[in-house]
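Chemist: predicted model and sequence follow; I will ask about them next.
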There are 2 protein chains.
Amino acid sequence: MQRHIDDVAVDRQRKLPGSLIFSNEDVDDAAHRVLHELTGIKKMVLKQFKCFADPLRASNQTDIMWMGTEYMHNIDRIITVAYLSLCKIDQKINSTKYETVDWYPIDQVPALPFDHNKIINESLTEIRRWIETDFSIIFELLPKKFTIRQLYQLYSALSEKQIDIKNFHKKISSFNYIIPLEEIEKNVSHRAARYYRFDAKIYKKNNTRLIK
Amino acid sequence: MQRHIDDVAVDRQRKLPGSLIFSNEDVDDAAHRVLHELTGIKKMVLKQFKCFADPLRASNQTDIMWMGTEYMHNIDRIITVAYLSLCKIDQKINSTKYETVDWYPIDQVPALPFDHNKIINESLTEIRRWIETDFSIIFELLPKKFTIRQLYQLYSALSEKQIDIKNFHKKISSFNYIIPLEEIEKNVSHRAARYYRFDAKIYKKNNTRLIK
């Protein structure tokens, strides 16, 4: 989850990043442009997620003022096409346009303007759905080498239910596509944990299509 | 796949159904309105699929003329939010607005205006993806009682690969959630086939979530 404090904004409230599309621009191109301006990342799989078009989504006076200043247009109504991307936790940010772009833990998201909290909540539900239908997607969010604790923390953040860490460990150790490495954590205050990697080939073998 | 011949159009070419949204209308509401005007159906699960926004998608002169006549607006650019719905094959159509709404077999879709052929192709890919991740979705398209031939024809229409009917039969008979009924087809010219039904409870039991 990423957003920026806009420097010219009436207040310095955080927002999800976005932009009006140019008149000769496709929405997919606009999404990639915004991503690049925000993070310096040029290539990344962006999945169009949902179009938010509630007529009252930008009816708050502060939001209307902010739009007027930011976009220099008198805007009647704004429709947002939201995109999702899965990005490794250790991905660096190098914004070419904003100074105050930052990652935020999902459980520390403040009250946001417009319907941005709604967009985040619906995005989480969507990502949960992805991971339930294809568990391998979770490894796109982790570094290449990860500890079971990291996997557990990520899975817990995405799950609605509490999961017992012991049961989680047991379940995970039954997955032959999660491979233990001959390497443990360094410079940690807690007991150093073993690193693991995800084997996509083994995963695919186990999860073939229903009818071939 | 559904479209109508528009009576006031410059030509009587077929199109995917659609409408401009009203200024105080959410896109979801607009989609339900269009569905109702077209089919008489008031309640149906409509899934927002994708926003089509290529700046050149409506640059053909015939298409621009048609938009002018149909919408009585001088339209610069049109962005379409496409919706998908799974609907039983035997669903009746009872349009309140158009006289020429009709179902079309997917392999007989003619050349359509705008990017409507592209929308249909991408929709098919999406529905294939749904069925690959959750096979039970296919039964939402079939009548409650169906023959294996009907299931085979539907699966074949959705698949990119040719599937051998014998292998298909074999595979299907190994699925304990497809239940044979004590009833066979009536008044058919070919050999009467047995009817089957889909048991959602058994299916769910077999396809539980990965980590609980």
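Modeler: Right, received. Where do you want to start?
Chemist: let me see the mean pLDDT of the helix ranked longest in chain A.
Modeler: Criterion DSSP state H: the longest helix present in chain A is helix A:116-133. In this model, helix A:116-133 carries a mean pLDDT of 90.
Chemist: neighbours around residue A:161, how many?
Modeler: 7 (other C-beta atoms under 10 Å in any protein chain shown). (Glycine included, C-beta is placed from N, CA and C.)
Chemist: swap that for residue A:76, please
Modeler: Residue A:76 is flanked by 8 other residues according to other C-beta under 10 Å.
Chemist: residue contacts, the nearest residue to it once chain neighbours are set aside?
Modeler: Taking C-beta to C-beta, 6 or more residues apart in numbering or on different chains, and ignoring the residues beside it in sequence, residue A:76 has residue B:23 as its nearest neighbour in space, at 7.5 Å. Residue B:23 makes contact with A:55, A:76-77 under the criterion C-beta atoms under 8 Å, 6 or more residues apart in numbering or on different chains.
Chemist: do residue A:68 as well
Modeler: Neighbour list for residue A:68: A:74-75 [criterion: C-beta under 8 Å, 6+ apart].
Chemist: that one and chain B: what is the separation?
Modeler: Summarising the geometry, the distance separating residue A:68 from chain B, computed by C-beta to the nearest C-beta, to the nearest Å, is 19 Å.
Chemist: next, residue A:88: phi, psi?
Modeler: The phi and psi torsions at residue A:88 (degrees, to the nearest 10) take the values phi -60, psi 140.
Chemist: tally of neighbours for the closest residue to residue A:143 other than its chain neighbours?
Modeler: Here the nearest residue to residue A:143 in space, its sequence neighbours aside, is residue A:90; by C-beta to C-beta, 6+ apart that works out to 5.0 Å. Residues near residue A:90, counting by other C-beta under 10 Å, number 8.
Chemist: I figured residue A:90 hits residue A:141, correct?
Modeler: No. No contact is recorded between residue A:90 and residue A:141 when judged using C-beta atoms under 8 Å, the distance being 10.2 Å.
Chemist: what segments of chain A are strands?
Modeler: Using DSSP state E, the strands assigned to chain A run over residues A:2-5, A:14-15, A:47-52, A:80-84, A:101-103, A:178-184, A:194-198.
Chemist: which strands and helices lie in contact with the shortest one?
Modeler: The one in question is strand A:14-15. Contacts defined by 3 or more C-beta pairs under 8 Å, 6 or more residues apart in numbering or on different chains; DSSP states H and E place strand A:14-15 against strand A:2-5.
Chemist: who in chain A is up against chain B?
Modeler: A:21, A:23-28, A:48, A:50-51, A:53-55, A:76-77, A:79, A:81, A:132-135, A:155, A:163, A:168, A:171, A:209-211 (C-beta under 8 Å from any C-beta of the partner chain).
Chemist: rerun at 7 Å
Modeler: Residues of chain A found near chain B, taking C-beta under 7 Å from any C-beta of the partner chain as the criterion, are A:23-27, A:48, A:50-51, A:53-55, A:77, A:81, A:132-135, A:163, A:168, A:171, A:209-211.
Chemist: ok, of the residues you listed, which come out buried?
Modeler: For the residues of chain A next to chain B, burial is judged from neighbour counts taken by 16 or more other C-beta atoms under 10 Å in any protein chain shown, and it is met by A:25-27, A:48, A:50-51, A:53-55, A:81, A:135, A:168, A:211.
Chemist: I'd like to know how far residue A:24 sits from residue B:69.
Modeler: The gap separating residue A:24 from residue B:69 is 25 Å, by C-beta to C-beta, to the nearest Å.
Chemist: okay, now the unreliable bits of chain A?
Modeler: Counting by pLDDT under 70, chain A contains low-confidence ranges at A:1-12, A:208-212.
Chemist: the same query, at a cut-off of 80, please.
Modeler: Of all residues in chain A, those with pLDDT under 80 make up the ranges A:1-13, A:71-76, A:88-100, A:102, A:133, A:160-162, A:206-212.
Chemist: that one: helices as residue ranges?
Modeler: Remark: helices assigned in chain A by DSSP H are A:27-39, A:61-71, A:116-133, A:148-158, A:165-173, A:200-206.
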